[in-house]
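Peer 1: Generate a structure from the sequence data that follows.
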Amino acid sequence: MAATRFTDQLNVQIGNEFAAHNQYLACAVYYDALTMPQMAAFFYGQALEEREHAMMMVQYLLDTDATVAIPGVEAPVSDFADVIAPVKLALDQEKRVTEQVNGLLRIAREESDFASEQFMQWFIKEQVEEVATMSDLLTIVTRSQDDLNDIEEYVAREQGGAAADPTAPAAAGA
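Peer 2: Okay, the predicted model is just below:
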């Protein structure tokens with residue numbers, strides 16, 4: 001059985017992941033409205049990934065006979081000043097999620113909850129990748145803000161579909 005302190009915070013994190021899902025949807029819609037299909041597709045994909053993370057956490061709670069409490073979330077930011085703003089917001093969000101994931105791992109360690117600590121290892125690795133991806137994208141978008149086609153070409157070239165990670169935790173409903 002997972003430590004109560006850990007499962008309580010994991011339920012909070014489920015809300016954080018759903019909030020990230022909604023925020024990425026708002027970013028995708030912004031780029032879709034600008035007729036930037038590559039950026040839109042990238043953010044739609046990111047939204048699905050965040051939802052999947054939440055569902056992995058739900059499945060873990062179910063697997064450990066812990067209570068699942070799906071929290072409500074605030075509305076996402078949907079008005080952006082320019083093409084850079086959504087990516088900057090996304091990078092800040094990924095850095096915040098990294099802190100949250102690290103906090104969950106810390107709780108698992110403090111509670112000697114070894115199963116939960118092991119569960120969080122995949123998310124630690126995932127956050128390194130997410131921050132790096134958004135950091136690179138911010139650099140490109142900032143550099144090419146006056147040439148939207150350059151941004152689109154970069155995303156088409158560099159952010160192509162990655163294969164599913166066989167080490168990822170199972171997601172509820174999958």
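Peer 1: residue ranges of the helices in this structure, please?
Peer 2: Remark: helices assigned in the chain by DSSP state H are 4-33, 37-63, 85-110, 114-143, 148-158.
Peer 1: Which one of those helices lies nearest to residue 164?
Peer 2: helix 37-63 (10.1 Å; C-beta to C-beta). (Glycine included, C-beta is placed from N, CA and C.)
Peer 1: before we move on, the earlier item: residue 78 is nearest to which of the helices of the chain?
Peer 2: Ranking the helices of the chain by distance to residue 78, with C-beta to C-beta as the measure, places helix 4-33 first at 4.3 Å.
Peer 1: Looking at the closest one now, give me its mean pLDDT.
Peer 2: Throughout helix 4-33, pLDDT has a mean value of 98.
Peer 1: Ok, stretch 124-141 next?
Peer 2: Rounded mean pLDDT across stretch 124-141 is 97.
Peer 1: Alpha carbons of that stretch, in PDB - could you do that?
Peer 2: This file holds the C-alpha atoms of stretch 124-141, laid out as PDB (Å, rounded to 0.1, in the frame of the first residue of the first chain):
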ATOM      1  CA  ILE A 124      11.700  12.200 -13.400                       C
ATOM      2  CA  LYS A 125      13.200  11.000 -16.700                       C
ATOM      3  CA  GLU A 126      10.200  12.300 -18.600                       C
ATOM      4  CA  GLN A 127      10.600  15.800 -17.100                       C
ATOM      5  CA  VAL A 128      14.200  16.100 -18.200                       C
ATOM      6  CA  GLU A 129      13.000  15.400 -21.800                       C
ATOM      7  CA  GLU A 130      10.100  17.800 -21.500                       C
ATOM      8  CA  VAL A 131      12.100  20.700 -20.200                       C
ATOM      9  CA  ALA A 132      14.800  20.200 -22.900                       C
ATOM     10  CA  THR A 133      12.200  20.000 -25.600                       C
ATOM     11  CA  MET A 134      10.500  23.200 -24.600                       C
ATOM     12  CA  SER A 135      13.700  25.000 -24.000                       C
ATOM     13  CA  ASP A 136      14.900  24.100 -27.500                       C
ATOM     14  CA  LEU A 137      11.500  25.100 -29.000                       C
ATOM     15  CA  LEU A 138      11.600  28.400 -27.200                       C
ATOM     16  CA  THR A 139      15.000  29.100 -28.700                       C
ATOM     17  CA  ILE A 140      13.800  28.400 -32.200                       C
ATOM     18  CA  VAL A 141      10.500  30.300 -31.800                       C
END
